[in-house]
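1. the following block contains a protein sequence and its predicted model.
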Amino acid sequence: MRECPHVAELPRPEPTPLSETCPECAADGTHPVQLRLCLMCGHVGCCDSSAGQHATKHFKDTGHPVMRTFEPREKWRWCFVDGSIV
């Protein structure tokens, strides 16, 4: 893992999750695969293995650069801009 400039810009404390699951998948009637939490606003989205790829779509729509896994017992973060674990 490495630090990127986007991590320093994240709000502290981290935002409260806005939902327990991917709301876009729920609205579409699809099953989310691996959830992600946006560390700028708290949006919960599904990973790129899901049909909707809603976490990546959220990044493309908002520019919010860093997310973390929203899976139990996992503790990693990803920067979409840098394309790396941070």
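-> It's in.
2. use CA for all of it now, contacts and neighbours both
-> Will do.
3. which helices and strands sit right next to the longest helix along the chain?
-> With secondary structure taken from DSSP state H, the chain has its longest helix at helix 54-62. Secondary-structure packing of helix 54-62 (3 or more C-alpha pairs under 8 Å, 6 or more residues apart in numbering; DSSP states H and E): strand 35-38, strand 44-46.
4. pick the most buried one from those strands.
-> Greatest average neighbour count among the helices and strands packed on helix 54-62 goes to strand 44-46 (a mean of 29), per mean count of other C-alpha atoms under 10 Å.
5. relative to it, what are the paired strands and their orientations?
-> Here strand 44-46 is paired, per DSSP bridges, with strand 35-38 (antiparallel).
6. do a quick rundown of the helices in this structure.
-> 5-8, 23-28, 54-62.
7. by mean pLDDT, show me the worst of those helices.
-> Mean pLDDT is lowest for helix 5-8 among the helices of the chain, at a mean of 92.
8. can you say which of the helices of the chain is packed in most?
-> helix 54-62 (a mean of 17).
9. what does that one contact?
-> Residues outside helix 54-62 that contact it (C-alpha atoms under 8 Å, 6 or more residues apart in numbering): 22, 24-25, 36-38, 44-48, 64-65, 80.
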